[in-house]
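In: structure for the following, please:
(chains A and B, ligands or ions: 1)
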Amino acid sequence: MLELPLSDFRKMAVEEFDTTKLLAHASRQAEERSYKNFPIIDVDSHHYELESFHEILEYMEDPVLQQLAMSASQATSKGNGVMPGGVGYQDMGGRVTRYPLRKIEKAEGGKHRDITLTKRWMDAMGIDLAVMFPSPMLQLGLHPQVEVEVALSRAYNRWLVERVLSHEPRIRSMLYLPFNDPEASYKMVQEFGTAKGVNGFMVTSARHRPVHHNAYMKTYALLEEMNLPLAFHAGYNWNDQAMGMMNKFISVHAIGFVFFNMVHITNWLMNGMPERFPKLKVLWIESGLAWLPFMMQRLDNEYMMRSSEAPMLKRLPSEYMRDMFYSSQPMEMTDMGALETTFRMIKADTQLLYSSDYPHWDFDLPSTIYDLPFLSEEAKRNILGGNAMRVFNLTLPA
Amino acid sequence: MPEIHVAKIAQFPDGERRIVRAGDTEIGVFHWQGRYYAYENLCVHQGGPACEGVIMHKVEDVIAADKTWSGQKFSKDEIHFVCPWHGYEYDLKTGECAADRKLKLKSFEVVKRGEDVYVVAG
Ligand code: FES
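Out: The predicted structure follows:
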């Protein structure tokens, strides 16, 4: 039993929590729309890796850091003191009930809890295959100690491959690149690039390293050679000076989740990365879609006047952007006309990949794509699964 | 109009809610400060179970006479229920979406008969 604190000193007593029940309406949508007739691939979903923090630390190789992290997490049970981040109110004071209630959810079945719980929501939504990412570790690029980012991410990647990905073909991941250490990032691709369930690599965007630095070129070249996509997963940093001027989580989330990706995509384009790595597939995750028309117009307009500063480019920035891939969530759906224009501008039929972001607070169901009035059935199916199958060279597990 | 039994009055305390079914339709029935309210349990956002989340008073900013912000409080009278999927808030007394009152949940009539509460589905 759990008591949720409410307004007015009231409390709400909750006996049990079951994701299948919470998502019963999603299952109904899946049935009504016959999702079973075509593949649905979710390219951005999450688990809460700190719930398995002690397991992950078993995979940590530096014995001193391992002991330090074990001790810190024993004191606080949540990795505090080891993980950066901190302030944030994703659960909106418990209004998004799955955050506080998660801990009373039962996960029987003998498999790892993360596998059981992930398949539970996938089944409810009608999702065949999900690419899974961590949650608090999205802030790890802000860790002041580069060696801790490397050690923790390596332990996490090893744990994820051995304990989760090897045991469940419907769960995949793009593994964490410890981007603040270019050499360690390169080694990570070498070591895990062909591991089971690894569909590419991911840079957590909240960090302060320019993506065009020469030190990264060999990693991009290796990814391109191995035909592994590179993703930039958005995240916010309330400790940034600019973000620190905002006093509400809504503000920091709205701006913070696009800010770093705006910086990275601008560097990526102005330094001619698409010309240097024409076959490297680049995927921008969890910034929604509204930032894309803004970036296209802004960069094209400036490029026309200042092309001497981006001499590698042979086409307009927006044309390169139409070769990149984007995950859909959190899709801004308050102005259908604007959304339709956005779909046209990014060539959504081939470049957009459905993502749920479940179980995070602003998740999107497949119906957010399937119910769009301006898409053909073929376009819907491409965005919900076909495009991802192409990008990741996937075949569905039987 | 079919009437669906919700609960015995004695077993439905003030401040609580019940979810009942009328065919394919789920209806959330709220008992709040002596009155009953009923809405379709289907969120206008992505179709979540709008009536099943927490019941919270509206949050208000406290702005002083000189227009300065002096804190926040919970409203004394405006009460919301919150869709648990993503947090859309609904005015419990009207079924309107608090963030955009043009959006509204379908409402149903609630009747008391003898010892029992019923919702009129249809
Ligand atoms: S479905 Fe209700 S808030 Fe999204």
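In: end-to-end on stretch A:205-223?
Out: 18 Å (C-alpha to C-alpha, to the nearest Å).
In: within the sheet, what are the partner strands of the one helix or strand A:M174 maps to, with directions?
Out: Using DSSP states H and E, A:M174 sits in strand A:171-176. If you go by DSSP bridges, strand A:171-176 pairs up with strand A:129-133 (parallel), strand A:198-204 (parallel).
In: tell me the secondary structure for A:M331?
Out: coil (DSSP: H, G, I helix; E, B strand; the rest coil).
In: quick one: contacts for it?
Out: A:288-289, A:339, A:364, A:368-369 (C-beta atoms under 8 Å, 6 or more residues apart in numbering or on different chains). All C-beta spots, glycine's among them, are computed from the backbone N, C-alpha and C.
In: and the ligand, which of those residues contact it?
Out: For the ligand, no contacts are drawn from those by C-beta under 6 Å from any ligand atom.
In: need the contact list for the spatially closest residue to A:E275 that is not a sequence neighbour.
Out: With sequence-adjacent residues excluded and distances taken as C-beta to C-beta, 6 or more residues apart in numbering or on different chains, A:E275 is closest to A:M312, at 4.9 Å. The contact partners of A:M312, by C-beta under 8 Å, 6+ apart, come to A:271-272, A:275-276.
In: dihedrals phi and psi, residue 62?
Out: Just going to use chain A. Dihedral angles of A:D62 (phi, psi; degrees, to the nearest 10) stand at phi -80, psi 110.
In: hmm, no, I was thinking of chain B.
Out: According to degrees, to the nearest 10, B:V62 has phi -100, psi 110.
In: can you count the residues close to B:R113?
Out: Using other C-beta atoms under 10 Å in any protein chain shown, B:R113 has 10 neighbouring residues.
In: what about stretch A:371-383, how long is it end to end?
Out: End to end - C-alpha to C-alpha - stretch A:371-383 spans 12 Å.
In: what about it, distance to the chain center?
Out: 23 Å (C-alpha atoms, centre = their mean, to the nearest Å).
In: can you tell me the average pLDDT over it?
Out: Confidence over stretch A:371-383, taken as the mean pLDDT, stands at 98.
In: likewise for stretch A:251-259?
Out: 97.
In: rewinding a little: point out the most buried one among the strands paired with strand A:171-176.
Out: Of those, the one with the most neighbours on average (mean count of other C-beta atoms under 10 Å in any protein chain shown) is strand A:129-133, at a mean of 25.
In: can you name the element that comes right after that strand?
Out: Immediately after strand A:129-133, counting by DSSP H and E, sits helix A:146-159.
In: give me the angle between the following helix or strand past the strand holding A:M174 and strand A:198-204.
Out: Once the chain leaves strand A:171-176, the next helix or strand it forms, by DSSP H and E, is helix A:182-192. Angle, helix A:182-192 to strand A:198-204, by axes from the mean of the first three to the mean of the last three C-alpha atoms, to 10 degrees: 160 degrees.
In: if I pick B:L105, what's in contact with it?
Out: By C-beta under 8 Å, 6+ apart, the contact set of B:L105 is B:39-40, B:42-44, B:50-51, B:90, B:95-97.
In: and the furthest pair within those residues?
Out: Farthest pair in the contacts of B:L105 (C-beta to C-beta) is B:L42 and B:E96. Separation: 14.8 Å.
In: list phi and psi for the residue nearest to A:L23 when sequence neighbours are not counted.
Out: Of all residues not flanking A:L23 in the chain, A:A124 sits nearest, at 3.7 Å (C-beta to C-beta, 6+ apart). The phi/psi pair for A:A124 (degrees, to the nearest 10) reads phi -60, psi -40.
In: what's the neighbour count on A:A124?
Out: Neighbouring residues of A:A124 were enumerated by other C-beta under 10 Å; the total is 22.
In: ok so, going back, got the buried residues for the strand holding A:M174?
Out: Residues of strand A:171-176 classed as buried: A:171-176 (neighbour count, 16 or more other C-beta atoms under 10 Å in any protein chain shown).
In: tell me the contacts of B:G48?
Out: A:25, B:42, B:83-86, B:88.
In: name the member of these with the most neighbours.
Out: In terms of neighbours by other C-beta under 10 Å, the contacts of B:G48 top out with B:C83 at 28 neighbours.
In: go ahead and confirm that residue touches B:I55.
Out: No: B:C83 lies out of contact with B:I55 (C-beta atoms under 8 Å); the separation is 11.8 Å.
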